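*Asks:* Okay, predicted coordinates and the sequence, questions at the end:
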Amino acid sequence: MKRFAILTGGGDAPGLNAVIRAVVKTADQYGASVLGVRDGFDGFVSPNGIFPLTTLEVRGILPRGGTILGTANRGNPFARKVVKDGQVVIEDISGQIIDRIRSLQLDGLIVVGGDGTLRIARELHELGVPVVGVPKTIDNDISGTEFTFGFDTALSIATEALDRLHTTAEAHHRAMVLEVMGRDAGFIALHAGISGGADVILIPEIPFSFEAVCAKLQTRIQQGSHFSILAVAEGAQPRGEEQVYSIMGDSVYAPRLGGIGQVVGKYIEEHGGIETRVTVLGHLQRGGSPTAFDRWLASRFGAAAMRLALAADFGKMVALDCENIIAIPLNQALDIPKRVDIHGDTMTTARSLGISFGDENQSKTNT
């Protein structure tokens, strides 16, 4: 009987449990067994970090958010922070991870994660670990796949938030700013902004001008619309300035984006003379039950990943391509980050609707 293991790393995303379920059920169909690894790569060096996953363990988890395996977004085995003799030191424990994988006599490891987790998987594969990757991120910023699971759920939540902000914005004649996640990619802000009728969308791919944003809002007022909705990606940045961080990083941990919504809201109120409120959607985007699309995509990814592992086709990542699930090399997925195509049809649609991206003054507006 072939034996495989699965882990979920990085931030959580709706659909992770659907992947786990699909991997286990597919393995069962082919007479293989699956081990679950708790809390990302940390499970390989933790007591009780490995346990058998059977169809009983995955029963009923399809609609559940989160991950039954747990996850860790600061669990890089090549650069792990530990405290020794009262001092923080950085250790490379990848050798211990590889030794544990070998001692378990695994035929393959399925790694479910975003770009950071998949980079670790690629490094382990280069050291001889048989790895199959599954792309997971609400940010939709992994190349080679049209969508990652988790994105659709985050998009739906952000769109619903914009819908709800519309009513209070119109009632009080205010500008409402909604800050959404996405890191350095503006997919959530762009798609939710279009779907939720935003008047201004600010994304990392287009540095914005505060003056252009205020000009857009003033134009709406002149045309009789005394409220405005702004969808702002956490990675958006004013032209000529740096991104805004809530927590700065260090040599191991990346800085945490957050706060640009407050910056934009304060400027609009102080320089535009428009009463403004700011909502930071935060981790609400990551939680709760996955949408039907994310369950569908995650299930297809999990089943395909297990089939790749059974075929010993390692060093690959499953991806969605024109409704088909394909396998691409991890290098192809990771070497070039996926970003919003600022000349693509989605952007053209947004501009045709009169949405401003803060890069120009537009006289037209969607009311």
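*Replies:* The structure has been received and is ready for your questions.

*Asks:* Now find how far off-centre stretch 220-238 is within its chain.
*Replies:* 24 Å (C-alpha atoms, centre = their mean, to the nearest Å).

*Asks:* okay, how far is it across it, tip to tip?
*Replies:* End-to-end distance for stretch 220-238: 22 Å, by C-alpha to C-alpha, to the nearest Å.

*Asks:* Then stretch 20-39?
*Replies:* So stretch 20-39: terminal residues 14 Å apart, C-alpha to C-alpha.

*Asks:* quick one: average pLDDT of that stretch?
*Replies:* The average pLDDT for stretch 20-39 rounds to 98.

*Asks:* care to break this structure down by domain?
*Replies:* As assigned by automatic domain parsing, the chain contains the domains 3-149+290-334, 154-287+341-352.

*Asks:* Tabulate those (TSV), appending mean neighbour count and distance to D359.
*Replies:* Bear in mind the C-beta positions are built from the backbone N, C-alpha and C, glycine included. Shown next, in TSV, are the domains of the chain (neighbours: other C-beta atoms under 10 Å; distance: least, C-beta to C-beta, whole Å):
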stretch	mean neighbour count	distance to D359
domain 3-149+290-334	20	21
domain 154-287+341-352	19	5
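
*Asks:* Distance to G358 for these - can I get that in TSV?
*Replies:* What follows is the domains of the chain, written out as TSV (distance: least, C-beta to C-beta, whole Å):
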stretch	distance to G358
domain 3-149+290-334	21
domain 154-287+341-352	3
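
*Asks:* Tell me the pLDDT of the spatially most distant residue from the centre of the chain.
*Replies:* Going by C-alpha atoms, centre = their mean, the residue of the chain most distant from its centre is Q222, 38.1 Å out. Among the per-residue scores, Q222 holds a pLDDT of 96.

*Asks:* List the contacts of P207.
*Replies:* Q237, P238, R239, G240, D359 (C-beta atoms under 8 Å, 6 or more residues apart in numbering).

*Asks:* For it, give me phi and psi.
*Replies:* phi -60, psi 140 (degrees, to the nearest 10).

*Asks:* Tell me how far it lies from V88.
*Replies:* To V88, P207 is 36 Å away according to C-beta to C-beta, to the nearest Å.

*Asks:* now swap in Q222 and tell me
*Replies:* Counting by C-beta to C-beta, the gap from Q222 to V88 is 56 Å.

*Asks:* residues contacting the closest residue to G235 other than its chain neighbours?
*Replies:* Nearest non-adjacent residue to G235, counting by C-beta to C-beta, 6 or more residues apart in numbering: P204, 3.7 Å away. Contact analysis of P204 by C-beta under 8 Å, 6+ apart lists G182, R183, D184, A185, G186, A233, G235, A236, Q237, Q243, R339.

*Asks:* Mind pulling the model confidence for the last one?
*Replies:* According to the per-residue confidence, R339 scores 97 in pLDDT.

*Asks:* Near it, how many other residues are there?
*Replies:* 15 (other C-beta atoms under 10 Å).

*Asks:* from what I can see it touches E205, true?
*Replies:* Yes: assessed by C-beta atoms under 8 Å, R339 is found in contact with E205 at 5.5 Å.

*Asks:* okay, and the common contacts of these two?
*Replies:* Common neighbours of R339 and E205 (C-beta under 8 Å, 6+ apart) are A185, G186.

*Asks:* which helices and strands does the helix or strand hosting Q96 pack with?
*Replies:* Using DSSP states H and E, Q96 sits in helix 94-103. Other elements packing on helix 94-103 under the criterion 3 or more C-beta pairs under 8 Å, 6 or more residues apart in numbering; DSSP states H and E are helix 115-126.

*Asks:* for the chain, which spans come out with low pLDDT?
*Replies:* Applying pLDDT under 70 to the chain flags residues 249-252, 361-367.

*Asks:* Would you mind measuring from the closest residue to S246 other than its chain neighbours to L165?
*Replies:* Leaving aside its sequence neighbours, S246 sits nearest to G258 (C-beta to C-beta, 6+ apart; 3.5 Å). If you measure G258 against L165 using C-beta to C-beta, the figure is 19 Å.

*Asks:* Same question for E123.
*Replies:* 42 Å.

*Asks:* got it, and V19?
*Replies:* 32 Å.

*Asks:* what does I142 give?
*Replies:* On the measure of C-beta to C-beta, I142 and L165 end up 29 Å apart.

*Asks:* ok, now V45?
*Replies:* 45 Å.

*Asks:* cool, and D107?
*Replies:* 50 Å.

*Asks:* rewinding a little: just confirm the residue nearest to S246 contacts E234, I think it does.
*Replies:* Yes: between G258 and E234 there is a contact under C-beta under 8 Å: 5.6 Å.

*Asks:* who touches both of these two?
*Replies:* In contact with both G258 and E234: E179, using C-beta under 8 Å, 6+ apart.

*Asks:* Kindly format the C-alpha coordinates of the longest helix seen in the chain as CSV.
*Replies:* Secondary structure of the chain read by DSSP state H shows that its longest helix is helix 151-172. Backbone C-alpha positions of helix 151-172 (Å, rounded to 0.1, in the frame of the first residue of the first chain) are rendered in CSV as follows:
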residue,chain,number,x,y,z
PHE,A,151,-10.6,33.7,-3.6
ASP,A,152,-14.3,33.3,-4.5
THR,A,153,-15.4,33.1,-0.9
ALA,A,154,-13.4,36.2,0.0
LEU,A,155,-14.8,38.0,-3.0
SER,A,156,-18.3,37.2,-2.0
ILE,A,157,-17.8,38.4,1.5
ALA,A,158,-16.2,41.7,0.3
THR,A,159,-19.0,42.2,-2.2
GLU,A,160,-21.7,41.7,0.5
ALA,A,161,-19.8,44.2,2.7
LEU,A,162,-19.9,46.8,-0.1
ASP,A,163,-23.6,46.1,-0.6
ARG,A,164,-24.3,46.8,3.1
LEU,A,165,-22.1,49.9,3.1
HIS,A,166,-24.1,51.4,0.2
THR,A,167,-27.3,51.8,2.3
THR,A,168,-25.6,53.6,5.2
ALA,A,169,-23.5,55.7,2.9
GLU,A,170,-26.5,56.9,1.0
ALA,A,171,-28.5,57.5,4.1
HIS,A,172,-25.8,59.7,5.7
